[in-house]
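Asker: Return atomic coordinates for the entry below.
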Amino acid sequence: MRFFIYVIIFLVVASCSNTSIYNRTVTQGTVFKQDDIDRLEIGMSKDQVSFIMGQPSFQNIFDKNIWDYYFQVKNGSKIQSEKKLKLFFDENGDLKEIEVIKI
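Answerer: As a prediction, the model looks like this:
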C-alpha cells in the first residue's frame with residue numbers, strides 16, 4: 001500500500017515539472033536584413049523592391065501602395081529578434097518613403 005502512495009506522489013510531482021526539453025526556433029514573416037533595406041532607393045518600382053525584399057508579409061487592403069514587412073524569430077515562447085518595415089509607394093508605383101519601425 002505504501003508503495004502505491006509513493007508512486008502516486010511521484011507521478012503528481014513529475015507531472016508538475018517542465019516537460020519541454022527542446023525549444024524549436026521558429027522564423028515567421030519575410031526575412032530581411034539591414035543590407036536589404038540599405039539597397040532600397042526612393043523612386044524604385046514595386047518590381048525592383050520585391051526583387052530585393054521579396055513579397056511583403058502584409059499588403060494593406062485599403063491602400064495597395066503600402067507594403068508591410070514583418071520578421072520574427074522565436075525560441076519557444078521567447079522572442080529573439082523582431083523587425084518591422086513599412087514601404088510607401090506613390091500612385092505610379094514608385095517607392096516614396098521607407099519607414100523602419102523599432103520594436
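Asker: ok, how many other residues are close to the closest residue to I101 other than its chain neighbours?
Answerer: Computed as C-beta to C-beta, 6 or more residues apart in numbering, the closest residue to I101 that is not its neighbour in sequence is K84, at 4.1 Å. For every residue, glycine as well, the C-beta is placed using N, CA and C. Each residue near K84 was counted by other C-beta atoms under 10 Å, and the total is 16.
Asker: Quick check: K84 vs G93, distance?
Answerer: Separation of K84 from G93 (C-beta to C-beta, to the nearest Å): 22 Å.
Asker: would you say E99 is within a strand?
Answerer: Yes: per DSSP: H, G, I helix; E, B strand; the rest coil, E99 lies within a strand segment.
Asker: Got phi/psi on the residue lying closest to it once chain neighbours are set aside?
Answerer: Excluding the flanking residues, the one nearest E99 by C-beta to C-beta, 6+ apart is K86, at 4.3 Å. Backbone torsions of K86, given as degrees, to the nearest 10, read phi -120, psi 130.
Asker: residues contacting K86?
Answerer: 66-69, 98-99, 101 (C-beta atoms under 8 Å, 6 or more residues apart in numbering).
Asker: Could you provide these in CSV, with additional columns for distance to D35 and pLDDT?
Answerer: Output for the contacts of K86, formatted as CSV (distance: C-beta to C-beta, whole Å; pLDDT from 0 to 100):
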residue, distance to D35, pLDDT
I66, 23, 94
W67, 18, 94
D68, 20, 93
Y69, 14, 92
I98, 14, 94
E99, 18, 93
I101, 18, 86
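Asker: between those residues, which is nearest I42?
Answerer: I98 (7.6 Å; C-beta to C-beta).
Asker: Give me the distance between the closest one and I61.
Answerer: Using C-beta to C-beta, I98 is found at 21 Å from I61.
Asker: Repeat that for R24.
Answerer: R24 is 32 Å from I61, by C-beta to C-beta.
Asker: try E91
Answerer: E91 is 18 Å from I61, where distance means C-beta to C-beta.
Asker: So what's the gap between stretch 80-88 and the chain middle?
Answerer: From the chain centre to the centre of stretch 80-88 is a distance of 8 Å (C-alpha atoms, centre = their mean, to the nearest Å).
Asker: actually stretch 88-97, not the one I typed
Answerer: On the basis of C-alpha atoms, centre = their mean, stretch 88-97 sits 24 Å off its chain's mean C-alpha point.
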